[in-house]
Each structure stands twice: as C-alpha cells, then as structure tokens.
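Asks: pasted the sequence and its predicted model underneath.
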Amino acid sequence: MYIDHIKTFLEVTSTGSFQLAAEKLYVTQSTVSARIKALEDQLNRPLFIRKRSGVELTAGGQRFHPHALTVVQAWGRAKQEVALPEALTSITNLGIQLNHWDQLATPWLLWMEQHMPESATQIIAEYSDTLMRKVRDGVLDLAVMYQPQQRPGVAIEPLMSESLIMVSSTPRKISTGQVPGYIFVDWGDAFHTEHSMAFPDAPTHRMTIGLGAVALDHILKRGGSGYFIQSMVTELVTNGQLYRVEDAPVFQRPLYLVYQEEPINPELLEVAIQGLKEVSLAVS
C-alpha cells in the first residue's frame with residue numbers, strides 16, 4: 001500500500017514545498033522526494049513541476065489529487081470500522097480546538113448517544129492546523145476550530161461567535177491600565193492583532209498562556225486578570241470569584257465547523273453536524 005506516499009503527495013500539494021512537507025510529516029526531505037518519485041513511477045506521470053518558488057501540480061497531479069483524497073479517507077475509515085464491535089455499524093470522528101473541549105465534547109457525545117446509538121464516537125482535542133490536516137486526510141469527519149485554511153475537499157462554515165471579556169480576581173476598571181498579574185491568553189492571530197490595536201501602549205506581557213483553562217486556573221489560584229470566553233467565566237463572575245473589568249473592550253471570536261465535502265457516510269455526518277449546531281446554540 002502506498003498510503004504514506006499518497007499522504008506525502010497531499011502534504012506537498014498543501015504546502016507547495018518538499019521541505020515544508022517534510023517538516024509537517026516529521027521525515028527528511030529526501031524521504032519526501034523518494035515517496036513522490038515512487039508515486040510518479042507507479043503512475044507513469046510527473047506529479048509536480050519544480051520551480052524556485054516551490055512546486056506546482058502538473059495536469060496529471062491535478063487529476064490525481066481528488067483520487068488521493070478518496071484513497072486516504074477510505075483507508076482511514078476502513079481501519080476504524082474493521083475494529084468496531086459487532087453491535088456498532090459506523091464511527092464518527094470529531095476534533096475540537098483545545099480551548100473548547102469542556103464546552104462542546106460532553107454535550108455532543110450525549111447528543112450522539114441519543115440520536116445515533118448504533119454509531120461509535122471518537123473525539124480528540126488539538127490545535128486548529130492539526131485538526132485541518134486530519135479532516136483533509138480523512139482521520140476526522142468534522143472539526144471545530146479557529147481560522148481554518150481553505151483546502152481542497154474540505155467544507156468550511158461558521159458555527160458560532162463568542163465574546164472574549166476581560167476578568168480580574170479583584171474589582172477594577174480598565175482605566176487603571178495593565179496591572180501586575182495580567183496574563184495574555186493566546187486566542188490566535190486575530191486576537192493578537194485586535195488586542196494590540198486596543199492596547200497599543202501595553203508593556204510586554206510577563207506571562208502568555210495558550211490554553212484558556214490553564215490561564216483561568218492560574219488566576220483563580222494566584223490572582224490576576226486576562227481575556228476569556230464569556231461562557232467560561234460567567235458562573236465565576238456571578239458567584240464573586242472573578243470580576244468583569246469595567247469598560248474593557250470586548251472581542252468577538254468566530255468559531256468554524258470544518259468537514260469533508262464528500263464524506264463516505266453523508267447521513268451520519270449530517271446528524272453529527274446537526275448535533276454540533278444544537279450544542280453550540282446551547283453554550284453560546
């Protein structure tokens with residue numbers, strides 16, 4: 001089976017570079033070159049045009065691309081379904097951006113148990129770029145993420161928009177400026193830009209944390225402030241453990257649903273998507 005070779009072909013197509021593909025796949029560039037050469041020999045056609053700026057698909061490579069996607073997705077699905085217990089007929093694989101695990105995972109699992117009891121479910125938590133690659137390769141049927149990048153064979157649609165609000169362990173106003181204990185929670189590139197525009201004179205952050213749950217736990221234990229998804233901190237503000245910082249700007253963070261355009265089991269995917277939409281409405 002040339003599955004690894006085909007996955008390499010898809011990664012080179014996505015990145016436009018043998019070197020970048022090697023880095024993504026954690027192999028050497030010579031391994032990438034050897035795999036592509038083996039595929040080209042099997043197909044008796046060149047797949048890429050090499051240029052100084054990178055590589056581009058040949059006409060043959062463009063025709064092979066949709067078949068490569070189908071092969072990788074079907075192989076991934078086959079490995080999963082062969083291992084299923086006899087009582088189950090299918091499996092749904094969902095990926096959730098790390099910061100939304102607590103909000104979406106359990107409600108969606110409960111929804112699937114009620115509406116698709118004959119289907120197995122599997123959920124992973126990862127960063128957005130990894131989730132996108134797994135959807136493209138057929139490892140995941142659908143995923144929830146920030147800032148997805150358009151990829152062939154992958155559909156993208158808005159799922160929900162969430163508010164990021166500044167909270168503090170002590171009552172204060174934004175006019176007091178940045179105080180000791182402020183944690184910059186990394187909500188992605190768009191938040192970086194908007195935060196910098198809103199606070200152009202803010203000093204370098206002493207602490208930056210990429211996971212909202214970790215930053216929130218630190219503030220609850222040690223004190224401080226930071227931006228968090230509103231639904232994460234509503235109860236903490238209500239019971240007086242945290243305080244909303246007065247007059248602090250509110251940032252909107254869109255969350256997207258990503259799934260295969262041509263799934264192997266369209267009906268199952270439709271049910272899974274409907275479940276995510278209903279769950280997101282409940283938590284937004």
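Replies: All right, it came through fine.

Asks: any idea which element Arg253 lies in?
Replies: Element membership of Arg253 [criterion: DSSP states H and E] is strand 251-260.

Asks: just list the residues touching the closest residue to Thr170 other than its chain neighbours, thanks.
Replies: Among residues not flanking Thr170 along the chain, Tyr243 sits closest, at 6.6 Å (C-beta to C-beta, 6 or more residues apart in numbering). (C-beta placed from N, C-alpha, C; glycine too.) Tyr243 makes contact with 167-172, 237, according to C-beta atoms under 8 Å, 6 or more residues apart in numbering.

Asks: using JSON lines, lay out these together with pLDDT.
Replies: Shown next, in JSON lines, are these (pLDDT from 0 to 100):
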{"residue": "Val167", "pLDDT": "96"}
{"residue": "Ser168", "pLDDT": "95"}
{"residue": "Ser169", "pLDDT": "94"}
{"residue": "Thr170", "pLDDT": "92"}
{"residue": "Pro171", "pLDDT": "92"}
{"residue": "Arg172", "pLDDT": "87"}
{"residue": "Val237", "pLDDT": "96"}
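
Asks: show me those residues that map onto strands.
Replies: Residues of the contacts of Tyr243 located in strands (DSSP state E): 167-168.

Asks: among the contacts of Tyr243, which ones are buried?
Replies: Buried residues within the contacts of Tyr243, counting neighbours by 16 or more other C-beta atoms under 10 Å: 167-169, 172.

Asks: chain center to the following helix or strand past the strand holding Arg253: distance?
Replies: Following strand 251-260 in sequence order, the next helix or strand is helix 266-283 (DSSP H and E). Relative to the chain's own centre, helix 266-283 is displaced by 17 Å; criterion: C-alpha atoms, centre = their mean, to the nearest Å.

Asks: swap in stretch 24-36?
Replies: Taking C-alpha atoms, centre = their mean, one finds the center of stretch 24-36 at 24 Å from the center of the full chain.

Asks: pull the residues that contact that stretch.
Replies: Stretch 24-36 has contacts (C-beta under 8 Å, 6+ apart) with 4-5, 7-9, 11-12, 15, 18-19, 21-22, 47-48, 133.

Asks: what's the answer for stretch 134-145, then?
Replies: In contact with stretch 134-145 (C-beta under 8 Å, 6+ apart) are residues 7, 10, 14, 69, 72-77, 92-97, 100, 104, 124, 126, 128, 131-132, 151-154, 159, 255-260, 263, 268-269, 272-273, 276.

Asks: hang on, the earlier thing: so can I have CSV of the buried ones among the contacts of Tyr243 showing distance to Met112?
Replies: What follows is these, written out as CSV (distance: C-beta to C-beta, whole Å):
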residue, distance to Met112
Val167, 33
Ser168, 38
Ser169, 37
Arg172, 43
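
Asks: from those, pick the one nearest Arg52.
Replies: Distance to Arg52, by C-beta to C-beta, is smallest for Val167 among those, at 50.3 Å.

Asks: export stretch 144-157 to PDB, keeping only CA atoms.
Replies: C-alpha atoms of stretch 144-157 as PDB (Å, rounded to 0.1, in the frame of the first residue of the first chain):
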ATOM      1  CA  VAL A 144     -14.400  22.800  15.300                       C
ATOM      2  CA  MET A 145     -11.600  25.300  15.000                       C
ATOM      3  CA  TYR A 146     -10.500  28.900  14.700                       C
ATOM      4  CA  GLN A 147      -9.200  30.400  11.400                       C
ATOM      5  CA  PRO A 148      -9.400  27.400   9.200                       C
ATOM      6  CA  GLN A 149      -7.500  27.400   5.900                       C
ATOM      7  CA  GLN A 150      -9.300  26.500   2.700                       C
ATOM      8  CA  ARG A 151      -8.200  23.100   1.500                       C
ATOM      9  CA  PRO A 152      -9.500  21.000  -1.500                       C
ATOM     10  CA  GLY A 153     -12.200  18.600  -0.500                       C
ATOM     11  CA  VAL A 154     -12.900  20.400   2.800                       C
ATOM     12  CA  ALA A 155     -16.000  22.500   3.500                       C
ATOM     13  CA  ILE A 156     -16.000  25.400   6.000                       C
ATOM     14  CA  GLU A 157     -18.900  27.200   7.600                       C
END
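
Asks: all good on my end, thank you.
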